[in-house]
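Trainee: The following comprises the amino acid sequence and a computationally predicted model.
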Number of protein chains: 2
Amino acid sequence: MSEKRRTNMKPEARRNQLLDCAQALFFSKGFEDTTMADILQMAGVSKGGFYHHFKSKDELLFGVLDRMAAIVFGNMEAIAEDTESSAVERLRSFLHLRSDYLKQHDYPGQVEFFRAMNADQNNFLLTKFKETVMRFSKPALTGIIEQGCRENTMSVTNAGIAAEMIITLSSSFDNALLRAIEARGTPAADEAAVDLQDALDLAFLTIDRVLGLPDGTTDFGWPEAVPATMATRPPV
Amino acid sequence: MSEKRRTNMKPEARRNQLLDCAQALFFSKGFEDTTMADILQMAGVSKGGFYHHFKSKDELLFGVLDRMAAIVFGNMEAIAEDTESSAVERLRSFLHLRSDYLKQHDYPGQVEFFRAMNADQNNFLLTKFKETVMRFSKPALTGIIEQGCRENTMSVTNAGIAAEMIITLSSSFDNALLRAIEARGTPAADEAAVDLQDALDLAFLTIDRVLGLPDGTTDFGWPEAVPATMATRPPV
DNA sequence: CTTTACAAACCGACCGCCGGTCTGCATATA
DNA sequence: TATATGCAGACCGGCGGTCGGTTTGTAAAG
């Protein structure tokens, strides 16, 4: 009668499948609103099966983030190992990684993603995501700054601390971005767009000044970012 | 037989009592690890009684934070309404609110508090705390910066955005502070202390430069902060 | 080509707990 | 006594996680 189909898979394959399902669900429904039952149903595996591969739901999240980071920051190694270019050039490349990524992928989707990540229910996910970004990008940026100091184009007393500050700064305009996204299609949209542009400009101006570079050396790398953001469809 | 003691209280009194209990528990055990049962037991009230005054556990947290902020940022109004002093003086006063608070209260306790707040289980609490700080302090700081622009001592294009950035910056050394706290009593303590000092210095240097002030204009306001931190007792 | 043996993958009923609801009672005031 | 409201506590659905047991792949022994 009822077919009790069962598919044994190799550990790595099953692990990846579970990570796939979890990633899709976490980033659509949110971390807290995704239940183990959701994941199990989507993967077609039982509770016992799941907990054979992961020891908790949190670990599953960490697995997702680490896997993502490994992919997203793949380009970073090229910059990190680039010994030809000047420190300033490498810094600019580094800072453009984010905008390059945004431009190359479906931007409206990214905006929705950002919106979802900043909801209360995704607090934990967002924090862990930021931690992951910090972990993966700090070493490379530190190296760049150290090179800049050796070349006398940058001047800081502690490259690691400066790197940390810059990575923090890179998300200092998140608030403005979130407000701009929420303001799409409302009367407050124009003011929010100006604020967002100001926030972007100020963030990179600050990076210049922290490192002792001339104003205007660094930029977001996507001049049309603000209009592009405002042009995405507001949610119904 | 069993005495069914019951104490009807005035709504405001009961509300405050519940906030007191919740505050004590949230900041000792953490938000997620504090159950409703814990709070109810401590307050000596039933579930029905509690939910008559608050509609959820989250709302209780918001109540705690708002009440705290109203007290902690009480001093800020004096600065905000101070029309005598120069913008730079007011900025310095504003930035010293944090160190003044730390100095005046039991510092080892504050360190433990900070440590606890940064644990995973308090993620939500910490985020909401930061949001509250932002909400309460941004208007005052914006006003100060606007004054500074009028007086031509500061130069920014968007005072509100600059204020937001500075408030973000003020917690940019949280990472270094956390590492230093965790390193107390270990061989890595000295290096962590140097990093922390560097992070503090860089944060305020950055504030100077964001606002176009001479280097060294602003500071944390507590030169002995780092040794004082390292001297607190590490946990067993 | 079996048979046997064992580890690994997997199942799903079950558990403890948590935040929140609901019905109804106790108490203060008029 | 009538009414409003502070309050009690049994109850609920759902959650993440556990555990004893079953199925499956595999490889050595017969």
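Mentor: Sure thing, it's come through. Bear in mind the structure is a predicted one, so any value in this text is a computation, not a measurement.
Trainee: Does the host helix or strand of residue A:58 reach DNA strand C?
Mentor: Using DSSP states H and E, residue A:58 maps to helix A:57-72. No: if you take Cβ under 7 Å from any atom of the strand as the test, helix A:57-72 misses DNA strand C, and the best it gets is 12.4 Å. All C-beta spots, glycine's among them, are computed from the backbone N, C-alpha and C.
Trainee: which other helices and strands contact the longest helix anywhere in chain A?
Mentor: Of all segments of type helix in chain A, defined using DSSP state H, the longest is helix A:123-150. Here helix A:123-150 touches helix A:57-72, helix A:74-80, helix A:87-104, helix A:107-117, helix A:159-169, helix B:123-150, going by 3 or more Cβ pairs under 8 Å, 6 or more residues apart in numbering or on different chains; DSSP states H and E.
Trainee: Now do the helix holding residue A:58: everything it contacts.
Mentor: Residues outside helix A:57-72 that contact it (Cβ atoms under 8 Å, 6 or more residues apart in numbering or on different chains): A:15, A:18-19, A:22-23, A:26, A:31, A:36, A:39, A:54, A:101, A:124-125, A:128-129, A:132-133, A:135-136.
Trainee: And for stretch A:227-236?
Mentor: With contact meaning Cβ under 8 Å, 6+ apart, stretch A:227-236 is reached by A:107-108, A:111-112, A:115, A:177, A:180-181, A:184-185, A:189, A:193, A:196, A:222.
Trainee: Need the three-state assignment for residue A:219.
Mentor: coil (DSSP: H, G, I helix; E, B strand; the rest coil).
Trainee: which bits of chain A sit near DNA strand C?
Mentor: Going by Cβ under 7 Å from any atom of the strand, the residues of chain A near DNA strand C are A:4, A:6-11, A:14, A:44-49, A:51-53.
Trainee: Generate a ChimeraX selection restricted to the buried entries among those residues.
Mentor: With 16 or more other Cβ atoms under 10 Å in any protein chain shown as the criterion, this ChimeraX line picks the buried residues out of those:
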select /A:14,45,49,53
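Trainee: Now go through the residues of chain A next to DNA strand C and say which are in helices.
Mentor: Among the residues of chain A next to DNA strand C, the members found in helices (DSSP H) are A:11, A:14, A:47, A:48, A:49, A:51, A:52, A:53.
Trainee: hang on, isn't residue A:92 packed against residue A:218?
Mentor: Yes: the criterion here is Cβ atoms under 8 Å, and residue A:92 meets it with residue A:218 at 6.2 Å.
Trainee: More neighbours: which of these two?
Mentor: residue A:218 (22 against 17; other Cβ atoms under 10 Å in any protein chain shown).
Trainee: The lowest-mean-pLDDT helix or strand in chain A - contacts with which helices or strands?
Mentor: Every helix and strand in chain A was compared by mean pLDDT, DSSP states H and E; the lowest is helix A:74-80, with a mean of 82. Using 3+ Cβ pairs under 8 Å, 6+ apart, the elements in contact with helix A:74-80 are helix A:87-104, helix A:123-150.
Trainee: Dump these to TSV, plus mean pLDDT and distance to residue B:166.
Mentor: Putting the helices and strands packed on helix A:74-80 into TSV (pLDDT from 0 to 100; distance: least, Cβ to Cβ, whole Å) gives the following:
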stretch	mean pLDDT	distance to residue B:166
helix A:87-104	92	21
helix A:123-150	93	20
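Trainee: quick revisit: from the ones in helices among the residues of chain A next to DNA strand C, pick the one nearest DNA strand C.
Mentor: Distances from DNA strand C to those, taken as Cβ to the nearest atom of the strand, are shortest for residue A:48 (1.8 Å).
Trainee: Show me the shaky parts of chain A.
Mentor: Under the criterion pLDDT under 70, the flagged ranges of chain A are A:1-6, A:235-236.
Trainee: Go again with 90.
Mentor: Chain A contains residues with pLDDT under 90 at A:1-11, A:27-30, A:68-84, A:98, A:101-117, A:119-123, A:170-172, A:185, A:233-236.
Trainee: Okay, domains of it per the record?
Mentor: By the assignment in automatic domain parsing, chain A contains the domains A:11-61, A:73-231.
Trainee: Please identify the deepest-packed of these.
Mentor: Counting by mean count of other Cβ atoms under 10 Å in any protein chain shown, domain A:73-231 has the highest mean neighbour count of the domains of chain A, with a mean of 17.
Trainee: Pull up the distance across that domain, start to finish.
Mentor: 28 Å (Cα to Cα, to the nearest Å).
Trainee: now check it, is it near DNA strand D?
Mentor: No: counting by Cβ under 7 Å from any atom of the strand, DNA strand D is not contacted by domain A:73-231; separation bottoms out at 11.2 Å.
Trainee: Pull up the distance across stretch A:30-43, start to finish.
Mentor: From its first residue to its last, stretch A:30-43 covers 17 Å (Cα to Cα).
Trainee: so is residue A:32 in a helix, a strand, or just coil?
Mentor: Three-state call for residue A:32 (three-state DSSP): coil.
Trainee: Tell me the secondary structure at the residue lying closest to it once chain neighbours are set aside.
Mentor: With Cβ to Cβ, 6 or more residues apart in numbering or on different chains as the criterion, residue A:32 has its nearest non-adjacent residue at 4.4 Å, and that residue is residue A:121. Following three-state DSSP, residue A:121 is assigned to helix.
Trainee: For residue A:121, give its distance to residue B:124.
Mentor: From residue A:121 across to residue B:124, the span is 10 Å (Cβ to Cβ, to the nearest Å).
Trainee: And residue A:193, by the same measure?
Mentor: 30 Å.
Trainee: same question, residue A:148
Mentor: Residue A:148 is 38 Å from residue B:124, by Cβ to Cβ.
Trainee: and the residue nearest to residue A:124 when sequence neighbours are not counted, what does it touch?
Mentor: Using Cβ to Cβ, 6+ apart and skipping the chain neighbours, the partner closest in space to residue A:124 is residue B:123 (5.2 Å). If you count contacts by Cβ under 8 Å, 6+ apart, residue B:123 has them with A:123, A:124, A:127.
Trainee: show me the contacts for residue A:182.
Mentor: The contact partners of residue A:182, taken as Cβ under 8 Å, 6+ apart, are A:115, A:192.
Trainee: How about the secondary structure of it?
Mentor: On the three-state scheme (three-state DSSP), residue A:182 is labelled helix.
Trainee: Could you measure from it over to chain B?
Mentor: 15 Å (Cβ to the nearest Cβ, to the nearest Å).
Trainee: Check residue A:85 too.
Mentor: Plainly put, residue A:85 is 25 Å away from chain B if you go by Cβ to the nearest Cβ.
Trainee: how far away is that residue from residue A:151?
Mentor: For residue A:85, the distance to residue A:151 - Cβ to Cβ - is 11 Å.
Trainee: Residue A:46 too?
Mentor: In terms of Cβ to Cβ, residue A:46 sits 58 Å off from residue A:151.
Trainee: cool, residue A:63 as well?
Mentor: Distance of residue A:63 to residue A:151, computed by Cβ to Cβ: 39 Å.
Trainee: Then residue A:120?
Mentor: Using Cβ to Cβ, residue A:120 is found at 45 Å from residue A:151.
Trainee: cool, residue A:110 as well?
Mentor: Distance of residue A:110 to residue A:151, computed by Cβ to Cβ: 35 Å.
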